[in-house]
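**Q** okay, here's the prediction I keep looking at, along with the sequence it came from:
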Amino acid sequence: MIDKEEFTVIHTLHKRGYSIRAIAKIVGLDRRTVSKRLKEQELQPYKKPRYKSKLDSYKEYIDSRVQQASPDKIPSTVIFEEIKRQGYDGRIRIIQTYMSSIIPKKPKEEVVRFETKPSYQAQVDWTIIRSGKRPIYAFVMVLGFSRMAFVYFTDNMRQDTWQDCHIKAFEYFGGVPQTLLYDNLKSVVIERDKYGKNQHGFNNDFLDFAKDNFIPKLCKVYRAKTKGKVERFNLFLKRNFYVPLKSALKGSDIAITTDLLNNKIFSWLEYANTRLHDTTKQRPIDMFKEEKPLLAPFYSSVKEQKHITQANSKSFNIPALELDITYHTTISDYEKILGNNYASA
C-alpha cells in the first residue's frame, strides 16, 4: 500500500518522461505497483482481501444468540456446540475470534488460588440466579481438590433449605469433606470474632447440624477471592448453563422455575464435571477418584434416616452410622489439629 505522497511522485515522474522501471527504482516500489497506480487518476484506498470462512453462514445465528443473551455473555463453547449440530465443521478458534470482535472484553481480575489436599475442604455458596418477586438461588458446593461440583436450585435461603441442600450435596459426592469454607452468610455465622480472635459466633442451628460431620470455616476478612473456586464456578454455571437456557427459552411459553432448572442441572453437571478444568488441566471426575475414598460418611444426630431423591438423578440413601467422635471445645481447636496436617485454605 502506498501513501498520497508516493502516488503524487509516481505520476509526476511519469509526466516528466521517466519509464516505469526508472520510477520503480527511484521510489523503491515494484514495477507492477507503479504500473497499476499510473492507471489510477486518484489514489484508491487499500481493500483488504476478504476470504470465505466456514463461519460465514452461521454469523447471523451467532449475532442473534449474542443479542438474545445480552446483557449476559454467552460463551463461545456453547455457540460451538450449537452450530456443530447445525453442520458447522470448523474450529472453535474461528468462533472465538469472531465473537471477540462483536463482544468487548473486560480485563481479567488476578486471582490467587490456594490448593488443598484430597477431602480436606469444600467451598460453599449461595449465588443469585434471578432476583425480584420470584427469586431463584443456586446452592453450590465445590470440592477443593478435585473441583467436583454440585448445584441445587431453590426459591429461598432459609436455614432448613440450607441444611437440606448440604445433605443433597453429601449424597451426590458420597461423603463429607473435613472442612467447609463460607463467607459471612447469616445461615452460618451471626458475629465474627464474637468470643475473641477467630472465635466466631456461629448460627446455633447450623452448628448443631455441622458438629458431627464437618468443620465450618470462614473466609478471612478483606481477603479477596479466598473462596475463589466456588465463585469462579458460580460464574461458569451462569454463563454455560443458565444464560444459554434463558436465551433459548426467550419468547416461549416455558417459565423458568426451580423445578425446571433442577430437572436439567444434573445432566449438565455430568458435562461440567467431565470437562478439562482450566486450572488443574485435568477432569474433575478423574481427580475425584482419588478424593472420594477419603470423604467421611454423613452422620445425622437425628436417629431417623433420611432418604432424599434428587430431581432427575439417582436416589441416595444416607447410612445411619455410629461414629466414634472426639469432641473439642471450639471450632478453632479442630482447625489447629487439622491445620498441622493439611494446607491452609
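**A** Noted; the coordinates are in hand.
**Q** longest strand of the protein?
**A** Longest strand in the chain, counting residues (DSSP state E): strand 121-130.
**Q** direction included, what does that strand pair against?
**A** strand 136-143 (antiparallel), strand 179-182 (parallel) (DSSP bridges).
**Q** using TSV, lay out the ones you listed together with mean pLDDT, mean neighbour count and distance to residue 50.
**A** C-beta coordinates here come from the backbone N, C-alpha and C atoms, glycine included. Output for the strands paired with strand 121-130, formatted as TSV (pLDDT from 0 to 100; neighbours: other C-beta atoms under 10 Å; distance: least, C-beta to C-beta, whole Å):
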stretch	mean pLDDT	mean neighbour count	distance to residue 50
strand 136-143	96	23	44
strand 179-182	90	22	52
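**Q** for residue 172, find the nearest of those.
**A** strand 136-143 (8.4 Å; C-beta to C-beta).
**Q** hmm, who's touching that closest one?
**A** 121-130, 148-157, 162, 165-166, 169, 173, 177, 180, 229-230, 233-234, 237, 256-258, 261, 284, 288, 291 (C-beta atoms under 8 Å, 6 or more residues apart in numbering).
**Q** for the closest residue to residue 75 other than its chain neighbours, which three-state class applies?
**A** Nearest residue to residue 75 in three dimensions, chain neighbours excluded: residue 239, at 5.2 Å (C-beta to C-beta, 6 or more residues apart in numbering). With DSSP: H, G, I helix; E, B strand; the rest coil as the basis, residue 239 sits in helix.
**Q** please report how far residue 239 lies from residue 134.
**A** The gap separating residue 239 from residue 134 is 22 Å, by C-beta to C-beta, to the nearest Å.
**Q** next one: residue 296
**A** Separation of residue 296 from residue 134 (C-beta to C-beta): 37 Å.
**Q** which pLDDT value goes with the residue nearest in space to the middle of the chain?
**A** The residue lying closest to the centre of the chain (C-alpha atoms, centre = their mean) is residue 236, at 1.9 Å. According to the prediction, residue 236 has pLDDT 95.
**Q** return the residues in contact with residue 156.
**A** Taking C-beta under 8 Å, 6+ apart as the contact definition, residue 156 lies against 135, 137.
**Q** so residue 80 makes contact with residue 93?
**A** No. Counting by C-beta atoms under 8 Å, residue 80 does not reach residue 93; the two are 9.8 Å apart.
**Q** neighbour count for these two, which is higher?
**A** Taking neighbours as other C-beta atoms under 10 Å, residue 80 and residue 93 compare with residue 80 leading, 18 against 10.
**Q** doesn't that one lie inside a helix?
**A** Yes. Secondary structure of residue 80 (three-state DSSP): part of a helix.
**Q** skip the chain neighbours and tell me the closest residue to it.
**A** residue 92 (4.6 Å).
**Q** count of neighbours near that neighbour?
**A** There are 14 residues near residue 92, going by other C-beta under 10 Å.
**Q** what's the neighbour count on residue 55?
**A** As a measure of burial, residue 55 has 17 neighbours, counting by other C-beta under 10 Å.
**Q** tell me who's in contact with the residue nearest to it when sequence neighbours are not counted.
**A** Spatially, and ignoring its direct neighbours in sequence, residue 55 is nearest to residue 94 (5.0 Å; C-beta to C-beta, 6+ apart). Taking C-beta under 8 Å, 6+ apart, we find residue 94 in contact with 53-55.
**Q** let's have those in a markdown table, adding pLDDT.
**A** As requested, those are exported to a markdown table (pLDDT from 0 to 100):
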| residue | pLDDT |
| --- | --- |
| 53 | 85 |
| 54 | 87 |
| 55 | 90 |
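**Q** now the helix or strand hosting the residue nearest to residue 55 - C-alpha only, PDB.
**A** Using DSSP states H and E, residue 94 maps to helix 92-102. Output in PDB follows, covering the C-alpha atoms of helix 92-102 (Å, rounded to 0.1, in the frame of the first residue of the first chain):
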ATOM      1  CA  ILE A  92     -13.700 -23.200  17.800                       C
ATOM      2  CA  ARG A  93     -10.900 -20.700  17.400                       C
ATOM      3  CA  ILE A  94     -12.700 -19.100  14.400                       C
ATOM      4  CA  ILE A  95     -15.800 -18.600  16.600                       C
ATOM      5  CA  GLN A  96     -13.800 -17.100  19.500                       C
ATOM      6  CA  THR A  97     -12.100 -14.600  17.100                       C
ATOM      7  CA  TYR A  98     -15.400 -13.600  15.600                       C
ATOM      8  CA  MET A  99     -17.200 -13.200  19.000                       C
ATOM      9  CA  SER A 100     -14.300 -11.200  20.400                       C
ATOM     10  CA  SER A 101     -14.900  -8.700  17.500                       C
ATOM     11  CA  ILE A 102     -18.500  -8.200  18.500                       C
END
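**Q** average pLDDT across that helix?
**A** 89.
**Q** what are the ranges of the strands in the stretch 201-345 of the chain?
**A** Applying DSSP state E, counting those that start in this stretch to the stretch 201-345 of the chain gives strands spanning 201-202, 215-218, 307-309, 315-317.
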